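coords below, sequence missing:
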């Protein structure tokens, strides 16, 4: 885990959706707690935006694959 004042570079992408979500959760907690120094707030926000976009793209890719598997129709998910 990064130190409390360091924020990952904006251009470094996570390995997976799950790691992106974990990093995003930790980053949000740090931003909300006020433990990041002022000069790291902007880079933290920028990193969060990158992580959010990464997650959205991963989810869209999965949704697109489901549409292909369901002959172009995205069917509502019903819990079993």
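Good, I have the coordinates. Everything numeric here is computed off the predicted structure, so don't read it as measured data. Numbers count the residues shown, from 1 in each chain.

Check which residues of whichever helix in the chain runs longest are buried.
With DSSP state H setting the assignment, residue counts place helix 38-69 as the longest helix in the chain. Neighbour-count burial for helix 38-69 flags 40, 44, 47-48, 50-51, 54-55, 58 (criterion: 16 or more other CB atoms under 10 Å). Quick note: C-beta positions are derived from backbone N, CA and C, even for glycine.

for the closest residue in space to residue 46 that isn't next to it in sequence, helix, strand, or coil?
Counting by CB to CB, 6 or more residues apart in numbering, the nearest residue to residue 46 once its immediate chain neighbours are dropped is residue 10, at 4.9 Å. When the structure is reduced to helix, strand and coil (DSSP: H, G, I helix; E, B strand; the rest coil), residue 10 reads as coil.

model confidence over stretch 60-69, on average?
Along stretch 60-69, the predicted local confidence has a mean pLDDT of 83.

Show me how far it is from its chain's centre.
Distance, stretch centre to chain centre, for stretch 60-69: 19 Å (CA atoms, centre = their mean, to the nearest Å).
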